[in-house]
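Enquirer: Everything below, folded, please.
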Amino acid sequence: MIDSAISHISSQLNQFLRRSFELAEDIVVISNVMEQDGNVASHIDNKLVAFLVNIERDSVSYRKPNGSDIGGFQSASHFPPVCLNFYVMFAAHFSGNNYLESLKFLSYTIDFFQRQPIFDHQNTPDLDSRIEKLILGIENLDIRDLSNLWGVLSGKYLPSILYKVRMVTFDADDVRIQVPTVQEPQYTGHP
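Expert: Numbering: from 1, shown residues only. This next block holds a predicted model:
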């Protein structure tokens, strides 16, 4: 579902940027900045790159009950869902004379998510049916954390913004165990 969530967010942003600038091709790509061999990914030139930075378990999310009534005097116990937050970086990879383009696309990215910080089935019907909603918020990094992050990613800073995306819930909804429910004895009228 993480792939679906990042794909959805990037696709919505891409549509916005294509309309805003009347672009013939996609400007947003989902990719690593660096290839495994240490070279910059070739397909990200003059693109806004979206990539996963981190995943964390959401420990304060809502909890639904672990059991459900399945009828026939039985109930089922389910594994609890795993609720996740993840961090997505949008980095503008424009070089040389195109540096101002990187700032322009980054500004429009911020504008887009400011206008639409929530993606659900009402405002984006093509959202994966397994995802209830996605909520985006800017994640602030101080200069030291930013330096460390880019050191891990590629060693070279790109104009970028980090968003925390809440909440993707993994809920297998598998039945762990079925247990009979206790019923009150019913009065039949006979002593």
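
Enquirer: any low-confidence regions in the protein?
Expert: Across the chain, the ranges flagged by pLDDT under 70 are 60-78, 168, 170-191.

Enquirer: in it, which helix has the most residues?
Expert: Across the chain, the helix with the greatest residue count (assigned by DSSP state H) is helix 2-21.

Enquirer: Contacts made by the helix or strand in which residue 135 is found with the rest, please.
Expert: Applying DSSP states H and E as the criterion places residue 135 in strand 133-138. Strand 133-138 is contacted from outside by 5, 8-9, 110, 113, 117-121, 127, 161-168, using C-beta atoms under 8 Å, 6 or more residues apart in numbering. Quick note: C-beta positions are derived from backbone N, CA and C, even for glycine.

Enquirer: the strands in the chain, which residues?
Expert: 28-30, 47-57, 67-71, 74-78, 82-93, 118-120, 133-138, 160-170, 175-180 (DSSP state E).

Enquirer: With distance to residue 16 and mean neighbour count added, can I get these in CSV?
Expert: Formatted as CSV, the strands of the chain follow (distance: least, C-beta to C-beta, whole Å; neighbours: other C-beta atoms under 10 Å):
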stretch, distance to residue 16, mean neighbour count
strand 28-30, 9, 18
strand 47-57, 11, 17
strand 67-71, 40, 11
strand 74-78, 38, 15
strand 82-93, 12, 20
strand 118-120, 12, 16
strand 133-138, 13, 16
strand 160-170, 15, 19
strand 175-180, 42, 11
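
Enquirer: Put together CSV for those, with distance to residue 1 on each row.
Expert: Shown next, in CSV, are the strands of the chain (distance: least, C-beta to C-beta, whole Å):
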stretch, distance to residue 1
strand 28-30, 15
strand 47-57, 11
strand 67-71, 22
strand 74-78, 18
strand 82-93, 9
strand 118-120, 13
strand 133-138, 10
strand 160-170, 5
strand 175-180, 21
